[in-house]
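what shape does this take:
(one chain, ligands or ions: 1)
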Amino acid sequence: MASIRIAGCTGALVAGGKATRMGGLPKGLLQVDGEPIAARALRLFRALFDDALVVANDPVPYAALGARVIPDALPGKGAPSGVHAALAAASTPWIFTAACDMPFLAEAPIGFLAGLRAGAPAVVVRWGGRLQPLHALWSRACLPVLEAELRAGDPSLQGLARRVGARVVEEAEWRAVDPLGRAFENANTPEDAARLGLSR
Ligand SMILES: Nc1nc2c(ncn2[C@@H]2O[C@H](COP(=O)(O)OP(=O)(O)OP(=O)(O)O)[C@@H](O)[C@H]2O)c(=O)[nH]1
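A predicted model of the protein is given here:
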């Protein structure tokens, strides 16, 4: 059980990618400490948030996890399609998004992000010189902006963060809760999976 609750927020696992660099394996099923990444994430989401869902265009790998699995509403644009679907489907004013290949989600860093929500349309960390929009908080105010951008072209989530005026957490600030940036670690290739200690 989590020691904090983050009200008005849905945890959304973005899991609709092709995982070509991982040979098409549903990356959320990679195991961390003997548990699929997706199951671990949903367990954390249920403890922290009002609701939890998975955005995946193939629901089969995630069907057994007991969470609502939704497809992209505006498919074909990568992770922005997933964030859009989550914002459109959530019944809460906020969503927390995480990629399905992030094995080290943790309560304290997510709580830190949530503590910065007031007055911001989104909260995104800059780590390693790059905004990290797949471990971020997005408010419903971002939905019409992202929807218009998806209909018009091929937007990036980093661009969306800038355009909505997201609260950007700089690296020095983030180090207080996550000194090594573990939250943003993700497994794109079998080599990444091995480095992060993940198994099939
Ligand atoms: N819902 C949804 N999620 C996506 C989509 N594309 C990528 N994602 C997710 O976004 C996160 C980051 O995706 P990437 O790792 O960059 O892309 P990927 O398609 O999973 O992998 P590659 O094919 O190897 O690039 C992962 O959790 C993906 O599952 C999409 O079109 N829809």
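
in its sheet, which strands sit next to the longest strand along the chain, and in what direction?
If you go by DSSP state E, the chain has its longest strand at strand 130-139. According to DSSP bridges, strand 130-139 has the following sheet partners: strand 94-99 (antiparallel), strand 122-127 (antiparallel).

so for the ligand, which of those strands sits nearest?
strand 94-99 (3.4 Å; C-beta to the nearest ligand atom). Every C-beta, even on glycine, is put in place using the N, C-alpha and C of the backbone.

what comes up buried for that closest one?
For strand 94-99, the neighbour count (16 or more other C-beta atoms under 10 Å) marks 94, 95, 96, 97, 98, 99 as buried.

for stretch 54-62, same thing?
Under 16+ other C-beta under 10 Å, the buried positions of stretch 54-62 are 54, 55, 56, 57, 61, 62.

ok, and what's touching it?
For stretch 54-62, contacts defined as C-beta atoms under 8 Å, 6 or more residues apart in numbering pick out 12-16, 26, 28-29, 38, 42, 65, 67-72, 75, 82-83, 85-86, 89, 100.

how about it against the ligand, any contact?
Yes: using C-beta under 6 Å from any ligand atom, stretch 54-62 reaches the ligand at residue 55.

just the CA trace of that stretch, in CSV.
Extracted C-alpha coordinates of stretch 54-62, given in CSV (Å, rounded to 0.1, in the frame of the first residue of the first chain):
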residue,chain,number,x,y,z
VAL,A,54,-3.4,0.7,-20.2
VAL,A,55,-3.3,2.2,-23.7
ALA,A,56,-2.5,-0.6,-26.1
ASN,A,57,-3.6,-1.3,-29.6
ASP,A,58,-3.3,-5.0,-29.0
PRO,A,59,-5.1,-5.7,-25.7
VAL,A,60,-4.2,-9.4,-25.6
PRO,A,61,-0.9,-9.1,-23.7
TYR,A,62,-2.4,-6.9,-21.1
